[in-house]
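# predicted model, plus sequence, below.
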Amino acid sequence: MLLSSPVILIYSVVAAAALIYAPFLIVVYARFLIGYNISAPRAMFDKLPAYAQRATWAHENSLEVFMVFTASALTAYITAVDNPLTGLAAITFVITRFLYSAFYILNLPMLRSLMFGIGSLGTVTLFALSIMKITH
């Protein structure tokens, strides 16, 4: 059974929200390795290993792009854009965001940047489909 575009859009927003915290799990792990200081968790950043610092940046970037993606997905949902490209764009965003974080943590900047670009294309596609829907 294939899911409709509106269902995919909502699930994609939920998945993107969950993916915000995936890299932060790495940060939490590293914090406990170095000795977590509950009174100053942000002050620990410079003591974190490089992979955990990159995980922090991936987490922060995920927060930033989530807002724009959610706006595009909800715009497509509200304008009732329902075609295969809609679902593909939303799913592509989610997959590339997962890979973005993984490549960031693994210190693979070219692949990370590629995933950022492809994910951004998914967001732009959702906005474009919504605009085309309301202008035709």
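Nice, thanks for sending it over. What you see is a predicted model, and the numbers here were worked out from it, not measured in a lab.

# going by C-alpha atoms from here, please, whenever you check contacts or count neighbours.
Fine.

# so what pLDDT did the residue most central in space within the chain get?
Nearest to the mean C-alpha position of the chain, counting by Cα atoms, centre = their mean, stands residue 97 at 4.0 Å. In the predicted model, residue 97 carries a pLDDT score of 98.

# residue contacts, it?
Going by Cα atoms under 8 Å, 6 or more residues apart in numbering, residue 97 touches 16, 19, 62, 115-116, 119.

# any weak-confidence spans in this structure?
Residues of the chain meeting the criterion pLDDT under 70: 1.

# can you pull out the helices in it?
For the chain, the helices defined by DSSP state H cover 5-34, 50-78, 84-105, 109-135.

# for residue 135, the count of nearby residues, please.
7 (other Cα atoms under 10 Å).

# and it, how far from residue 90?
For residue 135, the distance to residue 90 (Cα to Cα, to the nearest Å) stands at 21 Å.

# same deal with residue 15?
Counting by Cα to Cα - residue 15 and residue 90 are separated by 10 Å.

# quick check: chain neighbours aside, which residue is closest to residue 116?
residue 100 (6.3 Å; Cα to Cα, 6 or more residues apart in numbering).

# let me fix that, I meant to ask about residue 130.
Per Cα to Cα, 6+ apart, closest to residue 130 is residue 76, 5.1 Å.

# same question, residue 17
residue 66 (7.0 Å).

# the one you found contacts residue 18, correct?
No - with contacts defined as Cα atoms under 8 Å, residue 66 does not count as touching residue 18, sitting 10.2 Å away.

# more neighbours: the two, which one.
The neighbour count for residue 66 versus residue 18, taken as other Cα under 10 Å, is higher for residue 66 (19 against 11).
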